[in-house]
Every structure is written in C-alpha cells, then in structure tokens.
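Participant: Provided below are the primary sequence and the corresponding predicted coordinates.
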Amino acid sequence: MAAPSYEESYLYRLRHSAAHLMAQALTELYPGIKLAIGPPIENGFYYDVEAPTPIREEDLTKIESKMKELAKLDQRIIRLVASNREEARSKILEETTLGQGPEVAEYKLQLLEAVPEGEEVSFYDQQRTDRAGTLHRFIDLCRGPHVDTTKEIKHFKLMSIAGAYWRGDSKNKQLTRIYGTAFESAEELETHLHNLEEAKRRDHRILGRELGLFMFSPRVGPGLPLWLPKGATLRDTMVSFLKEEQLKRGYEPVITPQIASIRLYEKSGHVITYKDKMFPFMEDDEKETYILKPMNCPFHIEIYQAQMRSYRDLPIRYAEFGTVHRYEQSGEVTGILRARGFTQDDAHLFVRPDQLLSEFIGVVDLMKAVLNRLGLKDYRARVGTKDPASSKYIGHDDNWTAATAAIEEACKTIGLDYELSPGDAAFYGPKLDLIIKDALGRDWQMGTVQVDYNLPERFELEYTGEDSKPHRPIMIHRAPFGSLERMIGLLTEQYAGAFPYWLSPVQVAILPISDRHVEAAVALKEKLRDVHGIRVSLDDRRETLGKKIRESQLQKVPFMLVLGDRDIEQGTVGVRSREDGDLGAMSLEAFLEKVAPLR
RNA sequence: GCCGAUGUAGCUCAGUGGUAGAGCGGCUGUUUUGUAAACAGCGGGUCGCGGGUUCGAGUCCUGUCAUCGGCUCCA
C-alpha cells in the first residue's frame, strides 16, 4: 500500500487542529478578534486573523500557554454538517461568534460564499463539559478533517507573526498571520527546530561573507551586490562554461548599453506595464528621457531589426550576459537571490513558426546540460500555461496551443520531467520555468524559457519568406541560469559553500610547513597556475600547519597540498582533500591525474 | 510597499537608567611548526542615524534607514 500523501496524513490533521486550537486561544485572549482562515502548510500551520489590538511576537508565549491549557481540557472535536446554506449562514452568525456579535464572522461569511453551490458545508466543534455540567463550545467553519480531541495536540510551537492580505490580494485588507508548527512527538519537533538552525548556516548571505564571495554596502545601496575576487572568479567560471556551451549551439554574442531612451521602452510597452519596477527615469540636457534597463530584449530586437532578414537567416540567436536593474520593493530584496541589480544569462531567439519545436528542443537540451554540469538534481520544471478563465493574454489561441505543445514535446524529447501549471504563463506566451528551493525551503524561479508573440507584434518584426512575402518571426526568451546572482546564491546553499572542484574559486591551497619551504611553494604555485591552469592559493604565513589546514578547510578549498622537508626531498606533495582528509604523500603527477577528471 | 522582529568592535554575542565588555579575527613580539585553532602583549566603538524624556540614555519615547521572517510581486 502506498504511503498516504501529506494531505491524507495524521500529521496534516494534527496541524489543522493545532490551527483551530490557536484560533480558540486567540478568541479567548482577544475578544472581538475576527478569524479568517487557518490551514496546515508544509511545515506547520497558520491562522489569519484581524485582531482588535496588534499582536506582537512577545505575545506568542502567552498564546502558546493558552493553547496548552485548552488542549489539556480534552475537548472533543466534532464534525457538524449544515443541511443547507441558510443553516450554515445562521450557524456562522450565531454559533461561531460565541456571542461576540455578528461582525466577528465577517471573513467566515465570505468563505461560505466561496463554497460552491451544492457542496457540503461542515463545521468543527471543540467542546467539553466542565465540572458544573456546563457545555463549552468553539465552533469554526472548516472543511476538515481533524483529530478526535485537543488532547492529541501536544508538541507544537508558535513561530512568527506576519501580515498577509485577505485572499492573497494586496488590494484587500492586511490580516495578521500567526505561523506555528506541530509534530506527533517532541523529538520530531526538536529535530525540526534543529534543522531550521542548521539551514541558517547554509544561508548564502552568511556563506557569501564567510567565503568572500560578495558583499553589500550601505553607501552603494540595498540590493546592489559588490562581487569580491572569489565570488567574481566563481561567476566568471560559470560565464565561461555557458559561453562555450552557447557557442557550440549556434548562439551569437551581442552587447548592449545599460541605459536607453524611454522611446525604446515605450515601443516595447514596458513603460506602461513595468513602470513601477523601474528605477526613476533620467533626463539629459536636451530633455531626452533615459531608462536604466530592466530587461535586455528590446535592445536585441533593435539589432534584429537593423537589417532585412530572410527566412534563410533564421533562427537567429542573440546571447548576452545582460545586467539589468529593477526597483524591487524594499521588503522583497533578499541577498543575491533577489537583488535590484543582476545579470541574466539572456538570449533571444528569432525563429520561424516551423522552427519553434526544434529550437525549443535545443533550449531544453541546453538547460538540461546546465543542470547536469552544476550538479543540480533537486529542481522542478514547470510549464506555465494559460489560465482559461482569464482574458489577460494576447495572441491567437492557435499560437498558444502550438507553443504549449512545442514546450511539452521538447521536454519529452529531452527527458525533462515537468508539471503543468495553468495560469503561470506570461501574458505574451507560455513558458517553462525551473524552480529550486533555498536552504529555508523557499521556492525560487531560476532558468526560464518563454515564447513571446507580443514583442514581434509591437515592433512589427519581419523576415522575408520563401514566398517573397513578409512574415512575422516568433521570439523565444531564455535564460538557463535565470540570473547569475540567484543561481550562485542557490548553488552556495545547495553545496553549503563546498562547490565542486571546477567551480571552486580556489581549487588548491598550497600550505608550506615553515619558512624554508616557501620558495618551493611559490614555484609549485606558479607551475600549477601557469602550466596547468589551476586556481591556486598559497598560505605563506608563519602559522602552524594545523591552523592553515583549519582555515583552508573552513574556506572549503577542495584540495590542500602540504609542502615540508620530506616532500621537497622526495619530490612529493602531501595531499589533503576537503571531503576525505589526509590522502598521504604523492607525486605531483599523481595529484594532477587525480584532479584532471574534476575539471 | 504592508505586518512582525532586529540593529553594541571586522565576525558571533553579553550588557534591564549611573565610567561600553567577552571570544574569535587584526597588529607587534616570541615560536619554524607534518594534517581542523602555538604563546604573550597591544590596539580597536558617533552603541545604525536624527529628535525627545531625564541630573544622567546603549538601555525609555519618537521619527528614519538598513537587515531578517512573512504577504504581495519576481530572475
């Protein structure tokens, strides 16, 4: 028998009940509080409420104690079903409000309206009879299911408070969301909290500083990273890899400016649709307005358009590591995972309709190659398709159908597992996104391939067909990394800073044991660097070997070469690997042979 | 942008209204070292920034900026 899914599991019910228990505690502690919605989530649960007085983090202990108190009362959790909508409505207004007045039911009534006609409306009642024989109840509109009694809810912890918009819409009122987690045993709860602590140590912002990859400065500005030598080296390595790969696949490099006249972005439509995400505009003496570029596509289009194109010229693939700036809202900036200035490994493919599939296959193949090379296994591929209910999309249905089919076909051909996600298409076309989780389990969109019918239309792009008549090309936007910043941030977390040999900013650290070995160490360094192209550092400080090893180890250098009297006499190096420790003395040739396959 | 939290030395953190501290790092000296931290000494601070309360503010109030966790949005 297959293991039950999370949604079907006891743990899921337990967390759901914990959310209700919290709601009950909140109702007692904050009379007049309006309950909204409180589901289980991946690692716990939350409840959204509108509180009469602000709830602060220091209040969590108090709420937790109240929950424990209520849990111990062994309240039976009983499912009630309303026989019709009117009954459900009056139940909400009368019973769930516990005499606090109908206004506390504001959100519950809206939830009831959202329940499809004909669907069963259920409530869950936490009830007990006290010593005096009085019946106490706490009734909440809920689909369920729940555990049988509050006594089962023992191992939980309230985690944090956040604002959350009612129904996830920023136009709606912001409610207070309280996050908590619950487990079946104290050990599991402990392990979870411990894992959270561990995850913090893999945080790319911490490792980025410790490993000297990048930094931020208040004098430069939020979300604007400064790449340090080691980070820049790592980044250059990734760029070289992809450039080489793209060259093999028929891409042509282009380079475009950081700013452009506003007229370019008026033509592309971005001034209307994207204005609030752009840095403030600039004006020169002639009153021409310039924009710091938020995306590269319009520039590449200009290049395409600069001359007549024949059907024989297509596909054209323009690639650029294009640095863009987007004015992300202040609360959204997160290290280099979400920066205000970042570099996309961008390319735009101008293709004929009959080339769409083969080009898509080529792009998906490249993405797969990139994932393999980077050693990323823990990713999801998502095909974003039209939301049939929405009218925001442009372009003919036939095109959409063809493009979506091409994306799916390409994934199947290359063997990339994907999931369909209706509503996740761009307004101008369907797309394929790669999604990777960070150390804290948050999803990040990385690589992307997007079909675009919009820009060719807006810029009136053409090529001359076999029939001597003008035809409109299709554009494909694609970025296998997504952005260098985000990809490096994620890689840092995935590898906990211990990058694979080929990516490591320092691949080999030479550690002379004492002053008299430095001369040989310098010679070794030059040989490895100049003859073998290895990124090598030399620690010639007057420190003990133990200390040098410790520091190289903490810097996650893949290999250390110890050089002492014995080595110089015998012509060997003492090899230590980051993962396996001391490997003993060996000839330089033997070491080179060892690392050769890791390049 | 919104809700909640945090901001003290390069880093990690202590300091509950009365003379700003520790460990690590740094510098200097000694040590010349064989697989994860030698020893000693010395520096180092506009307590994020502005305003206020107070005889007195790192500590209380207020504004602001940055960062962190969420929401919304996104590569």
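Facilitator: Thanks, I have it. Numbers count the residues shown, from 1 in each chain, chains lettered A, B, ... in the order given.

Participant: which residues touch A:Ser330?
Facilitator: A:Pro222 (CB atoms under 8 Å, 6 or more residues apart in numbering). (C-beta placed from N, C-alpha, C; glycine too.)

Participant: likewise for the one 3 residues further on?
Facilitator: Contact partners of A:Val333, counting by CB under 8 Å, 6+ apart, are A:222-223, A:339-340.

Participant: which residues sit in contact with A:Met586?
Facilitator: A:572-573, A:575, A:594.

Participant: let's go with 6 Å and repeat that
Facilitator: Neighbouring residues of A:Met586 by CB atoms under 6 Å, 6 or more residues apart in numbering: A:572, A:575.

Participant: give me the buried positions along the helix or strand that contains it.
Facilitator: Using DSSP states H and E, A:Met586 falls within strand A:581-587. Under the neighbour-count criterion of 16 or more other CB atoms under 10 Å, strand A:581-587 has A:585-586 buried.

Participant: parallel or antiparallel, list what pairs with it.
Facilitator: strand A:572-577 (antiparallel) (DSSP bridges).

Participant: contacts for the partner strand?
Facilitator: Contacts of strand A:572-577 (CB under 6 Å, 6+ apart): A:559-562, A:567, A:582-583, A:585-588, A:591.

Participant: I'd like those laid out as JSON lines, including distance to RNA strand B.
Facilitator: Below are those laid out as JSON lines (distance: CB to the nearest atom of the strand, whole Å):
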{"residue": "A:Phe559", "distance to RNA strand B": "10"}
{"residue": "A:Met560", "distance to RNA strand B": "6"}
{"residue": "A:Leu561", "distance to RNA strand B": "8"}
{"residue": "A:Val562", "distance to RNA strand B": "4"}
{"residue": "A:Asp567", "distance to RNA strand B": "5"}
{"residue": "A:Asp582", "distance to RNA strand B": "4"}
{"residue": "A:Leu583", "distance to RNA strand B": "8"}
{"residue": "A:Ala585", "distance to RNA strand B": "5"}
{"residue": "A:Met586", "distance to RNA strand B": "10"}
{"residue": "A:Ser587", "distance to RNA strand B": "13"}
{"residue": "A:Leu588", "distance to RNA strand B": "13"}
{"residue": "A:Phe591", "distance to RNA strand B": "12"}
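
Participant: okay, those in CSV with pLDDT next?
Facilitator: Formatted as CSV, those follow (pLDDT from 0 to 100):
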residue, pLDDT
A:Phe559, 98
A:Met560, 98
A:Leu561, 97
A:Val562, 97
A:Asp567, 95
A:Asp582, 96
A:Leu583, 97
A:Ala585, 96
A:Met586, 96
A:Ser587, 97
A:Leu588, 97
A:Phe591, 97
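
Participant: just the residues you listed now: which is nearest A:Ser185?
Facilitator: A:Asp582 (40.5 Å; CB to CB).

Participant: quick one: neighbours of the nearest residue to that closest one once chain neighbours are set aside, just the number.
Facilitator: Leaving aside its chain neighbours, A:Asp582 sits nearest to A:Arg576 (5.2 Å; criterion: CB to CB, 6 or more residues apart in numbering). A:Arg576 has 21 neighbours, counted by other CB atoms under 10 Å.

Participant: bridging residues for A:Arg576?
Facilitator: Under the criterion used (DSSP bridges), A:Arg576 bridges to A:Met560, A:Asp582.

Participant: how near is A:Asp276 to A:Lys267?
Facilitator: 19 Å (CB to CB, to the nearest Å).

Participant: so where do the helices sit in the stretch 201-350 of chain A?
Facilitator: A:204-210, A:229-248, A:262-268, A:270-273, A:297-305 (DSSP state H, counting those that start in this stretch).

Participant: if we can go back for a sec, quick check, nearest of the contacts of A:Val333 to A:Gly497?
Facilitator: When those are compared against A:Gly497 (criterion: CB to CB), the nearest one is A:Ala339, at 19.2 Å.

Participant: tell me the pLDDT at the residue nearest to the closest one when sequence neighbours are not counted?
Facilitator: Distances taken as CB to CB, 6+ apart put A:Gly223 closest to A:Ala339, at 4.6 Å, once the chain neighbours are dropped. You'll see A:Gly223 listed with a pLDDT of 95.

Participant: cool, A:Leu461 as well?
Facilitator: For A:Leu461, the pLDDT comes out at 96.

Participant: wait, it sits on A:His471?
Facilitator: No - using CB atoms under 6 Å, A:Leu461 makes no contact with A:His471, being 9.5 Å away.

Participant: okay, those two: which has more neighbours?
Facilitator: The neighbour count for A:Leu461 versus A:His471, taken as other CB under 10 Å, is higher for A:Leu461 (19 against 16).

Participant: leaving out sequence neighbours, find the closest residue to that one.
Facilitator: Residue nearest to A:Leu461 in three dimensions, not counting chain neighbours: A:Pro473, with 5.5 Å by CB to CB, 6+ apart.

Participant: so what's that neighbour up against?
Facilitator: Neighbour list for A:Pro473: A:350, A:456, A:461, A:463 [criterion: CB under 6 Å, 6+ apart].

Participant: do that again at 8 Å, thanks
Facilitator: Neighbours of A:Pro473 in contact, by CB under 8 Å, 6+ apart: A:309, A:314, A:350-352, A:456, A:461-463.

Participant: now A:Arg312: how far from A:Thr464?
Facilitator: Distance from A:Arg312 to A:Thr464, by CB to CB: 9 Å.

Participant: more crowded one of those two?
Facilitator: Per other CB under 10 Å, whichever of A:Arg312 and A:Thr464 has more neighbours is A:Thr464, with 15 against 9.

Participant: can I assume the more buried one is in contact with A:Leu314?
Facilitator: No - applying CB atoms under 8 Å, one finds A:Thr464 not in contact with A:Leu314, separated by 10.4 Å.

Participant: count of neighbours near the residue in the stretch 301-450 of chain A positioned nearest to RNA strand B?
Facilitator: Residue nearest to RNA strand B within the stretch 301-450 of chain A: A:Gly331 (2.2 Å; CB to the nearest atom of the strand). As a burial measure, A:Gly331 scores 7 neighbours (other CB under 10 Å).

Participant: ditto for A:Lys525
Facilitator: Look at A:Lys525: counted by other CB under 10 Å, it has 21 neighbours.

Participant: close to RNA strand B: what parts of the stretch 1-150 of chain A are there?
Facilitator: A:54-58 (CB under 7 Å from any atom of the strand).

Participant: by neighbour count, which of these wins?
Facilitator: Counting neighbours by other CB under 10 Å, A:Ile55 leads these with 20 neighbours.

Participant: isn't that one right up against A:Met22?
Facilitator: No - applying CB under 8 Å as the test, A:Ile55 and A:Met22 come out as separate, 11.3 Å apart.

Participant: overlap in contacts of the two?
Facilitator: By CB under 8 Å, 6+ apart, the residues touching both A:Ile55 and A:Met22 are A:63, A:178.

Participant: check which element follows the helix or strand of chain A with the lowest mean pLDDT along the chain.
Facilitator: Within chain A, no helix or strand scores below helix A:85-90, which has a mean of 81 by mean pLDDT, DSSP states H and E. Per DSSP H and E, the first helix or strand lying C-terminal to helix A:85-90 is helix A:106-114.

Participant: now that following helix - C-alpha only, PDB.
Facilitator: Only the C-alpha atoms of helix A:106-114 are listed here, as PDB (Å, rounded to 0.1, in the frame of the first residue of the first chain):
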ATOM      1  CA  GLU A 106     -17.100  38.800   8.500                       C
ATOM      2  CA  TYR A 107     -14.500  36.600   6.900                       C
ATOM      3  CA  LYS A 108     -16.300  33.300   7.600                       C
ATOM      4  CA  LEU A 109     -19.300  34.600   5.800                       C
ATOM      5  CA  GLN A 110     -17.200  35.400   2.800                       C
ATOM      6  CA  LEU A 111     -15.600  31.900   2.900                       C
ATOM      7  CA  LEU A 112     -19.100  30.400   2.900                       C
ATOM      8  CA  GLU A 113     -20.000  32.400  -0.200                       C
ATOM      9  CA  ALA A 114     -16.900  30.900  -1.900                       C
END
